[in-house]
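Q: 3D model of this:
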Amino acid sequence: MKVHNRVINKFFAVLALCAVLPLAVNAAPLRVIVDADTANEVDDLFAVTRAAVAQEWDLLAVTAAQWQASHWTIPESMEESHRLNQMILAHLQSDVPTFRGGKSRLYDWGDQAQHSAAAYQIIRQAKATPAGEKLQVLALGSLTNVASALLIDPAISDRIVVHWLGSQLDPVSGKHRIDDFNCMMDIQALFKVFESSVELHVMPLNVAADLTMDYQSVDNALAGRHPLADFLVDRWQRHVDPLKARRVIWDLALVYAVLNPALARERKLVTPQLLGEREVWFYSHIDAEAMKGDFFATVAKQWPVSPVNLSDN
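A: Sure, this is the predicted structure:
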């Protein structure tokens, strides 16, 4: 009887192990690359910072995107974005590598790709992603680097998932506009990505617009905690419209939608013929308050301060 019981116990132990194994496999952290036009705005720095401290995924690289077509651009928009990416990661003492992207939009004809370190890093990491998984690319600005990677090596289209902040989608009429900043910084890249077969998730600007922060809350939560936290506050004050009391933190909405899918809803739609006439996921709602709350909670946990320091503020 004891032998019989031992056999039964081993049988159920094996069953329990089999039930757990799939969960262990699925629990593998996402492999992520963040592609950001960090020098363009204030929100980019908040998004890159949150992505860099996230324990939920494996951040493989931060790449720099250009915004050279803008009327308020700077001489080297990609280079300045690259510098800020390096600065953020240095403040965090992170060993995540940074890569330069294309300096301008796609070329008009011939080999249209911008052959950059960022494009080749996307290709390299896509090919290194284990079978059954996909590299997650979060594009926070123009799609130049993503489109270039797909043009250089189309075979990676089934090895990556692209999450992009851009365009506007009316939830009632279904009208899809592609005339916003991120679209216009490289409209050809937009067409290349939408016309490809890559899995695509889009955060429309009218959805991301729900995530706002006011200066006083940011200053109260960040000031004095860490040099990087102080830099985020300083960026708010010194960038375009320094007296703005409230800003939309656009890019952070996309980071949270991927980091914690429970904080966003999306639906699959078929794009018009102009954009490939194929299925694309569009976010339709975000829990902006939860995202904002988590950001401030993460800052407090990442950079705790003593009660004495808090009273000094």
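Q: now the helices for the stretch 101-250 of the chain?
A: Per DSSP state H, counting those that start in this stretch, the stretch 101-250 of the chain carries helices over the ranges 117-128, 144-152, 181-184, 187-195, 205-208, 215-222, 227-238, 250-259.
Q: need those in TSV (columns: mean pLDDT).
A: Listed next are those as TSV, based on pLDDT from 0 to 100:
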stretch	mean pLDDT
helix 117-128	98
helix 144-152	98
helix 181-184	96
helix 187-195	98
helix 205-208	98
helix 215-222	96
helix 227-238	95
helix 250-259	98
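Q: wait, which of those helices is closest to Ala36?
A: Of all the helices of the stretch 101-250 of the chain, helix 250-259 sits nearest to Ala36, with 7.0 Å by C-beta to C-beta. Heads up, the C-betas are built off the backbone N, CA and C, glycines and all.
Q: gap between the next helix or strand after that closest one and the chain center?
A: Where DSSP states H and E defines the elements, the next helix or strand beyond helix 250-259 is strand 264-270. Mean-position distance between strand 264-270 and its chain equals 17 Å (C-alpha atoms, centre = their mean, to the nearest Å).
Q: packing partners for strand 264-270?
A: helix 250-259, strand 279-286 (3 or more C-beta pairs under 8 Å, 6 or more residues apart in numbering; DSSP states H and E).
Q: what does the last one contact?
A: Meaning strand 279-286. With contacts defined as C-beta atoms under 8 Å, 6 or more residues apart in numbering, strand 279-286 is touched by 169, 171, 194, 199-204, 207-208, 210-211, 253, 256-257, 263-271.
Q: and if you look at the longest one?
A: By C-beta under 8 Å, 6+ apart, the residues outside helix 250-259 that reach it are 30, 32, 34, 36, 41, 43-44, 46-48, 50-51, 54, 56-57, 136, 138, 140, 163-165, 201, 203, 205, 207-211, 263-264, 266, 283, 286, 288, 291, 294-295.
Q: run the last query once more with 7 Å
A: The contact list for helix 250-259 (C-beta atoms under 7 Å, 6 or more residues apart in numbering) reads 36, 43-44, 46-47, 50-51, 54, 56-57, 136, 138, 140, 163, 165, 203, 205, 208, 211, 263-264, 283, 286, 291, 295.
Q: can you check stretch 235-248 too?
A: By C-beta under 7 Å, 6+ apart, the residues outside stretch 235-248 that reach it are Val42, Asp43, Leu45, Ala209, Leu211, Thr212, Met213, Asp214, Tyr215, Val218.
Q: and those, which is closest to Gln121?
A: Proximity to Gln121 was ranked across the contacts of stretch 235-248 by C-beta to C-beta; first place goes to Leu45, at 20.9 Å.
Q: put the buried members of the contacts of stretch 235-248 into a ChimeraX selection.
A: Those of the contacts of stretch 235-248 that count as buried under 16 or more other C-beta atoms under 10 Å are selected in ChimeraX with:
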select :42,43,45,211,213,215,218
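Q: restricted to strands, list the contacts of stretch 235-248.
A: Applying DSSP state E to the contacts of stretch 235-248, the entries found in strands are Thr212, Met213, Asp214.
Q: how much space between Ser77 and Val193?
A: For Ser77, the distance to Val193 (C-beta to C-beta, to the nearest Å) stands at 20 Å.
Q: shouldn't Ile160 be in contact with Val137?
A: Yes. Ile160 lies in contact with Val137 (C-beta atoms under 7 Å); the separation is 5.6 Å.
Q: higher neighbour count, these two?
A: A direct count of neighbours by other C-beta atoms under 10 Å for Ile160 and Val137 places Val137 higher, at 28 against 24.
Q: bridging residues for the more buried one?
A: In this entry, Val137 is beta-bridged to Ile33, Val162, by DSSP bridges.
Q: and it, what does it touch?
A: Residues near Val137 by C-beta under 7 Å, 6+ apart: Ile33, Asp35, Ile122, Val146, Ile160, Val162, His163.
Q: next one, pLDDT for the second one please.
A: Translated: Asp35. With respect to pLDDT, Asp35 scores 98.
Q: that one: what secondary structure?
A: strand (DSSP: H, G, I helix; E, B strand; the rest coil).
Q: measure it to Lys268 for me?
A: If you go by C-beta to C-beta, the gap between Asp35 and Lys268 works out to 23 Å.
Q: then the third one?
A: Distance, Ile122 to Lys268, using C-beta to C-beta: 24 Å.
Q: these two: who's more crowded?
A: Neighbour comparison, Ile122 and Lys268: the larger count goes to Ile122, with 32 against 9 (by other C-beta under 10 Å).
Q: surely that one touches Ile33?
A: Yes. Counting by C-beta under 7 Å, Ile33 is a contact partner of Ile122 at 6.1 Å.
Q: ok so, going back, any chance of the helices and strands packed on strand 264-270 in TSV, plus distance to Lys175 and mean neighbour count?
A: Converted to TSV, these look like this (distance: least, C-beta to C-beta, whole Å; neighbours: other C-beta atoms under 10 Å):
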stretch	distance to Lys175	mean neighbour count
helix 250-259	20	27
strand 279-286	12	18
